[in-house]
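Participant: The sequence isn't on hand, but the structure is:
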């Protein structure tokens, strides 16, 4: 059995450096994240929301892909749905809020930042989740039942079946990242693992 290398990191810049060093190959990556719930109705019992960015958190363990080509993925799904060759499937990318960080030779990395220079400073992992387990916790770290939280959440916009699920995970929310035989662990990992174990 192969032994994994476990590396403790304490800053987002260290994670960014690892992801950049991991390259541009499409690969599976597992992550554990703790994200503040910001898309939530006003008056919620946790005081959570876009302005406070605290009060309620979603802790998730995900398995997914980085460095996937979104455009090709959409075209492949369209071609399969229509029963035509890939060369016949047309798709134009929509306008996006982000831009990719690039390698020195101009290839896209799986890390993005806001296009607007005034909103830059945060880095996000562009991630294509395949499997996910999650739980909600309040500011004190106590579990919150999903049936209690769900009525306060906005209904998610339905995604056409030819578009893959893609999320942008703020690097500061990553508590563990497993890629290429290396396990990156942040100081808050133990807390996140305990939440998901319940």
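Facilitator: It's in. In this text the structure is predicted, and so the values were computed from the model without any measurement.
Participant: tell me the centre residue of this protein?
Facilitator: With distances taken as CA atoms, centre = their mean, the chain has residue 169 as the residue nearest its mean C-alpha position (3.3 Å).
Participant: Low-confidence regions, the protein specifically.
Facilitator: Applying pLDDT under 70 to the chain flags the ranges 1-3, 198.
Participant: what sits against the residue lying closest to the residue nearest to the centre of the chain once chain neighbours are set aside?
Facilitator: In space, residue 169 comes closest to residue 125 once its chain neighbours are excluded; the distance is 4.6 Å by CB to CB, 6 or more residues apart in numbering. For the C-beta atoms, the positions are set from N, CA and C on the backbone; glycine is no exception. Shown here is residue 125, whose contacts under the criterion CB atoms under 8 Å, 6 or more residues apart in numbering are 19, 31, 66, 110, 111, 168, 169, 171, 174.
Participant: Partner strands of the strand ranked longest in the chain, with direction?
Facilitator: When secondary structure is assigned using DSSP state E, the longest strand within the chain turns out to be strand 124-138. Sheet partners assigned to strand 124-138 using DSSP bridges are listed as strand 56-66 (antiparallel), strand 108-114 (antiparallel), strand 143-144 (antiparallel), strand 167-170 (antiparallel).
Participant: buried set for the helix or strand just after the longest one?
Facilitator: Moving toward the C-terminus from strand 56-66, the next helix or strand (DSSP states H and E) is helix 70-82. The neighbour-count check on helix 70-82 (16 or more other CB atoms under 10 Å) flags 73, 74, 75, 76, 77, 78, 79 as buried.
Participant: so which of those residues would you say is closest to residue 41?
Facilitator: The shortest gap between residue 41 and any of the buried residues of helix 70-82 belongs to residue 74, at 31.6 Å (CB to CB).
Participant: how much space is there between the closest one and residue 163?
Facilitator: 6 Å (CB to CB, to the nearest Å).
Participant: Please apply the same query to residue 10.
Facilitator: When residue 10 is compared with residue 163 (using CB to CB), they lie 36 Å apart.
Participant: So which of the two has more stuff around it?
Facilitator: Counted by other CB atoms under 10 Å, residue 10 and residue 163 do not tie: residue 163 has more neighbours, with 14 against 9.
Participant: tell me the SS of that one?
Facilitator: Three-state secondary structure (criterion: DSSP: H, G, I helix; E, B strand; the rest coil) places residue 163 in coil.
Participant: is it true that it touches residue 75?
Facilitator: No. Using CB atoms under 8 Å, residue 163 makes no contact with residue 75, being 11.0 Å away.
Participant: ok, residues contacting stretch 111-124?
Facilitator: Looking at what lies outside stretch 111-124 - CB under 8 Å, 6+ apart - the contacts are 12, 16, 19-20, 96-101, 125-126, 168-172.
Participant: From those, list the buried ones, please.
Facilitator: 12, 16, 19, 98, 125, 126, 168, 169, 171.
Participant: would CSV of the residues you listed with distance to residue 35 be doable?
Facilitator: Written out in CSV, the entries for these read as follows (distance: CB to CB, whole Å):
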residue, distance to residue 35
12, 14
16, 18
19, 18
98, 17
125, 12
126, 15
168, 11
169, 8
171, 12
